[in-house]
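**Q** Predicted model and sequence follow; I will ask about them next.
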Amino acid sequence: MNPERARIGALVMLLVVPVGASAYAVDPVPSTPPGPVAQLVRRVGAAFAEESRGVIGFRSHAVVQTSPHFVRPDQVDDARIVDVDGRAVRVRGGDAAGPAAIGTAVHQPYDARYAGEYRYSLAACTGCATGSVAVAYDSDDRDAAHGRGLMVVDERSARVLRLTVAPFVVPRPAGSGSLTTTWGTTPAGWFPVATDGTFNGRIGPFGGHATLTQRFTGYKRYPDVATAERDAGTP
């Protein structure tokens with residue numbers, strides 16, 4: 001293979017897997033002040049805990065498209081995930097370093113179990129529907145499980161509507177990345193339904209980027225993990 005073409009291929013290979021060790025530079029957010037912001041974050045955590053209680057299974061279908069596209073075809077990553085109380089306990093199928101597997105390891109800012117790892121502050125909610133509130137979040141843990149971003153919440157129900165994150169760790173040689181997850185009604189409750197994102201980077205003079213389109217479907221509640229796993233094995 002032509003060595004320059006091989007270098008471009010290496011760039012694309014790295015961009016499509018959302019893991020690595022390149023820190024995403026950010027400005028710190030002030031410590032979360034007591035009062036309305038802290039109260040809202042607690043309500044969001046309580047709403048998520050209540051919604052996600054029990055055993056829930058769902059499917060993740062992700063497509064990664066790269067540019068230059070001629071170097072590598074689109075990647076498709078299909079996985080079945082089983083959550084217990086909002087935490088993934090099984091990921092069946094898909095790539096071990098693919099979007100589904102990596103996403104289950106993230107410490108989400110709306111999960112009360114990880115709220116102490118973040119700082120929160122009110123932010124402008126441009127283009128938001130009436131009754132929505134935007135909360136900026138940041139963390140001192142600059143690792144693959146954390147990021148900085150914006151959480152848009154329905155103030156009345158404390159449900160997350162949209163979550164945007166710039167991961168602190170992006171795939172080398174990428175220099176930046178951004179993911180947006182939208183939530184909606186599912187057969188099992190109010191959960192993420194879609195994630196869309198981009199990663200950008202360079203190797204020498206060669207630039208490249210990858211786009212992620214991920215959809216979550218087939219949400220279903222189960223009496224126990226064993227039943228959910230058996231169901232995951234059926235077409």
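**A** Perfect, thanks for sending it.
**Q** next one: stretch 213-221 to chain centre, how far?
**A** For stretch 213-221, the distance from its own C-alpha centre to the chain's C-alpha centre is 13 Å (C-alpha atoms, centre = their mean, to the nearest Å).
**Q** Send over that stretch as CSV, restricted to the C-alpha atoms.
**A** As requested, the backbone C-alpha atoms of stretch 213-221 are provided in CSV (Å, rounded to 0.1, in the frame of the first residue of the first chain):
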residue,chain,number,x,y,z
THR,A,213,-25.1,8.2,14.4
GLN,A,214,-26.4,6.0,17.2
ARG,A,215,-30.0,5.0,17.9
PHE,A,216,-31.4,3.3,21.0
THR,A,217,-34.5,1.1,20.5
GLY,A,218,-36.3,-1.9,21.8
TYR,A,219,-36.5,-0.7,25.4
LYS,A,220,-38.2,-3.3,27.6
ARG,A,221,-38.4,-4.0,31.4
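**Q** after the longest helix anywhere in the chain, next one along is what?
**A** With residue count as the measure and DSSP state H as the assignment, the chain has helix 36-52 as its longest helix. Later in the chain than helix 36-52, the nearest helix or strand by DSSP states H and E is strand 55-67.
**Q** Parallel or antiparallel, which strands does the following helix or strand past that next one pair with?
**A** Next along the chain after strand 55-67, taking DSSP H and E as the criterion, comes strand 75-84. Neighbouring strands of strand 75-84 in its sheet, by DSSP bridges, are strand 55-67 (antiparallel), strand 87-92 (antiparallel).
**Q** Turn those into JSON lines, columns for distance to residue 44.
**A** In short, each C-beta sits where N, CA and C put it, glycine included. Below are the strands paired with strand 75-84 laid out as JSON lines (distance: least, C-beta to C-beta, whole Å):
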{"stretch": "strand 55-67", "distance to residue 44": "18"}
{"stretch": "strand 87-92", "distance to residue 44": "17"}
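**Q** Quick one: closest of those to residue 196.
**A** strand 55-67 (10.3 Å; C-beta to C-beta).
**Q** With just CA atoms, put the closest one into CSV.
**A** What follows is strand 55-67, C-alpha atoms only, in CSV (Å, rounded to 0.1, in the frame of the first residue of the first chain):
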residue,chain,number,x,y,z
VAL,A,55,-33.8,-4.4,34.9
ILE,A,56,-34.1,-2.8,31.5
GLY,A,57,-32.9,-4.1,28.1
PHE,A,58,-32.5,-2.1,24.9
ARG,A,59,-30.6,-2.1,21.6
SER,A,60,-27.9,0.2,20.3
HIS,A,61,-27.4,0.6,16.6
ALA,A,62,-24.4,2.8,15.7
VAL,A,63,-23.0,3.9,12.3
VAL,A,64,-19.6,5.5,12.1
GLN,A,65,-18.8,7.3,8.8
THR,A,66,-15.3,8.5,8.1
SER,A,67,-13.7,11.0,5.7
